[in-house]
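Trainee: I'll drop the sequence and a predicted model, then ask my questions.
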Amino acid sequence: MIRLIEFLISLREGLSEVLKNNLIGIYLHGSLVLGDFNCKTSDIDFVVLTEKILSSELPHLTEGVASCFIPW
């Protein structure tokens, strides 16, 4: 569970760093929110809401999210 929390904190920090004032919110959904999360088989579903359409930030975001990967 601690690794999951570390991942979520890292994800939030990375998205905040890249998106700055464009970030409105990060919303979890799926098994993690519904209480069916299994660290051996589940993925982490999330939606990022931004003020403006992403353009130049997108490559940095995909790199950043990939670097947050934590093998369970």
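Mentor: Sure thing, it's come through. A quick note: this is a predicted structure, and the numbers were derived from the prediction, not measured.

Trainee: Which of the three states applies to the nearest residue to residue 1 once chain neighbours are set aside?
Mentor: Spatial nearest neighbour of residue 1, chain neighbours left out: residue 39 (7.9 Å); criterion: Cβ to Cβ, 6 or more residues apart in numbering. The way it works is simple: take the backbone N, C-alpha and C, and place the C-beta from them, glycine included. Following DSSP: H, G, I helix; E, B strand; the rest coil, we place residue 39 in the coil state.

Trainee: can I assume residue 39 is in contact with residue 4?
Mentor: Yes: the pair residue 39 and residue 4 passes the contact test of Cβ atoms under 8 Å, sitting 6.8 Å apart.

Trainee: Tell me how far residue 53 lies from residue 12.
Mentor: 21 Å (Cβ to Cβ, to the nearest Å).

Trainee: Check which helices and strands the lengthiest helix in the chain is in contact with.
Mentor: Counting residues, the longest helix found in the chain (DSSP state H) is helix 2-19. Counting contacts by 3 or more Cβ pairs under 8 Å, 6 or more residues apart in numbering; DSSP states H and E, helix 2-19 is packed against strand 23-29, strand 45-50, helix 58-67.

Trainee: Tabulate the ones you listed in a markdown table, adding columns for distance to residue 35.
Mentor: A markdown table is the format used below for the helices and strands packed on helix 2-19 (distance: least, Cβ to Cβ, whole Å):
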| stretch | distance to residue 35 |
| --- | --- |
| strand 23-29 | 12 |
| strand 45-50 | 14 |
| helix 58-67 | 24 |
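
Trainee: least reliable of those going by mean pLDDT?
Mentor: Here the helices and strands packed on helix 2-19 differ in mean pLDDT, and the lowest is helix 58-67 at a mean of 71.

Trainee: Can you pull up the most central residue in the chain?
Mentor: residue 11 (4.5 Å; Cα atoms, centre = their mean).

Trainee: tally of neighbours for residue 20?
Mentor: 9 (other Cβ atoms under 10 Å).
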